[in-house]
Every structure is written in structure tokens, then in C-alpha cells.
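>>> Below are the sequence and a predicted model; questions follow.
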Amino acid sequence: MSKFADIQIDPAIVEKAARGDKKAHEILYRAFAGPVYSVGLRFTRVPAHAEDLLQETFIEVMRSISKFRGSAPVGAWIRRIAISKALMFLRSAWHAKGQSMDDDWEEVIKPQSSISQGSQRQEQAMDLEAALAALPPISRAVVWLHDVEGYTHREIAALMGKSESFSKSQLSRAYQRLRPLLHTELERQDAKSLSGSPVLKNC
């Protein structure tokens, strides 16, 4: 559950927040603002959008916390709201351009597959974070939800309003895209390791 699971909140604080206690609201905001912002940034890659999603998430949290029943940790509940807000943002962005999420991969992969982008792709292969950044937003979201947050394809499909096959297809395409990027980085690391070995130094 990424950073959300590491944050422990006294149930009494949650109860006070549910009753409208402003100080309790502030405690929750300070505790979870960082992880919520990270979710927004992970999905959008734009700090301004991540800030907007942070505010929208906590507006919803404060509005709905009186309905929180404690069946799961409050962090898990806030995480779900943050992810829901981020996915709503992606859907609205695509709909505003007259597209569906299914167009996500085709739109972004075309300009990135040109020869002129070769050197840029080499730089993006420096680490997993950079490789993920090269993915289209929807595909990146699916990878993150599935591999980092541990969501099943059924859960991802429900969050996105799509089918399980859509989630599986996006993940498969993302892996295909990530494989050459990460393979390039492994080759770099191997080359550095070999160049520093005593055997090569004596050649």
C-alpha cells in the first residue's frame, strides 16, 4: 500500500475528525498530504495537477469521514479516494480531447517511437522511475496500481470503469514498453562493473 500503510493514526483522532474537529482534520491532512500528493504526481506527472488532486482528495475526505466505519485502516480509505480522484482526472482529460482511455497507448507511443527520440529513451532508461515516466498515463497508472499497490485486475477495472481484459492489456503493453528501457540500463550497469574490474584494467 506504499507509504499509506506506514502511517499510524490514533482511532480517537479519526473519531474527532468524523465529528468535525478542525484540529483532527489538520492532523489527518499533515499525516497523509505527502502520500496523496505522490499519488497525484505519479498519475499526472504535473506538480500543479498533483496539488489540485491533493486538495480535491482532502475535500472529499473531510466531507465523507463521518461515513468512515473503520473496517479498514483510515490510510487505505484515503488512498482509495486519492486514486479515484486521480483516475477521474485522467478520464476527464481524455474525454476533453474527444478520446477514450483505449486511445492512450496509441497516442503517446507514436512520437516516442521515432528515431529522433533514441537518445532520450537512453536517458529515460536510467532507472525504473524514469522508465515509468515514459509510459502513457493510463498504462503507467495500471502498472503502478498492479505492481506497487497490489490491486487485482478486477479491482483496477472497477476503478477505471473498464473490463479486466482492458487492465490486462494495458499491463502487457506497458511491460513490452518497459522491457527494452530497463534492459538498456542493465547493460549499462554491467558495462560499468566490467570496466572497473582488475582484469580489464590490466588489458
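Structure received.
>>> distance of the residue nearest to residue 50 when sequence neighbours are not counted from residue 178?
Among residues not flanking residue 50 along the chain, residue 40 sits closest, at 3.4 Å (CB to CB, 6 or more residues apart in numbering). Backbone N, C-alpha and C define where each C-beta goes, glycine included. Note on residue 40: its distance to residue 178, by CB to CB, to the nearest Å, is 22 Å.
>>> Which residue of the two possesses the greater neighbour count?
Legend: neighbour count by other CB atoms under 10 Å for residue 40 and residue 178, higher for residue 40 (27 against 19).
>>> taking the mean pLDDT, what do you get for the strand or helix carrying the more buried one?
Per DSSP states H and E, residue 40 falls inside helix 22-44. Across helix 22-44, the average pLDDT comes to 94.
>>> downstream neighbour of that helix in the secondary structure list?
Criterion used, DSSP H and E; the element after helix 22-44 is helix 47-64.
>>> And the contacts of that next one?
The contact list for helix 47-64 (CB atoms under 8 Å, 6 or more residues apart in numbering) reads 17, 25, 28-29, 33, 36-41, 43-44, 78, 81-82, 85-86, 89.
>>> cool, and stretch 65-83?
Contacts of stretch 65-83 (CB under 8 Å, 6+ apart): 1-2, 4-5, 7, 9, 11, 14, 17-20, 28, 32, 35-36, 39-40, 53, 57, 60-61, 64, 145, 149, 159.
>>> So the protein: which segments form each domain?
1-98, 99-197 (automatic domain parsing).
>>> Let me know the angle separating whichever strand or helix holds residue 81 from helix 22-44.
Residue 81 is part of helix 74-96 when elements are defined by DSSP H and E. Inter-element angle recorded for helix 74-96 and helix 22-44: 50 degrees (by axes from the mean of the first three to the mean of the last three CA atoms, to 10 degrees).
>>> which parts of helix 74-96 are buried?
Residues of helix 74-96 classed as buried: 74-75, 77-83, 85-87, 89-91, 94 (neighbour count, 16 or more other CB atoms under 10 Å).
>>> Lowest pLDDT pick from those?
residue 94 (56).
>>> how about residue 14, what does it touch?
24, 28, 65, 68, 70, 74.
>>> And for residue 168?
residue 153.
>>> Give me the three-state assignment for it.
helix (DSSP: H, G, I helix; E, B strand; the rest coil).
>>> In ChimeraX, how would I select just the buried ones from the contacts of stretch 65-83?
A single ChimeraX command selects the buried members of these (16+ other CB under 10 Å):
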select :4,7,9,14,17,18,28,32,35,36,39,40,53,57,61,145,149,159
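>>> circling back: who touches the helix holding residue 40?
By CB under 8 Å, 6+ apart, the list of residues contacting helix 22-44 reads 2-4, 7, 9, 13-14, 16-17, 47, 49-54, 57-58, 61-62, 65, 74-75, 78-79, 82-83, 85-87, 89-90, 137, 140-141, 144.
>>> Understood, closing this out.
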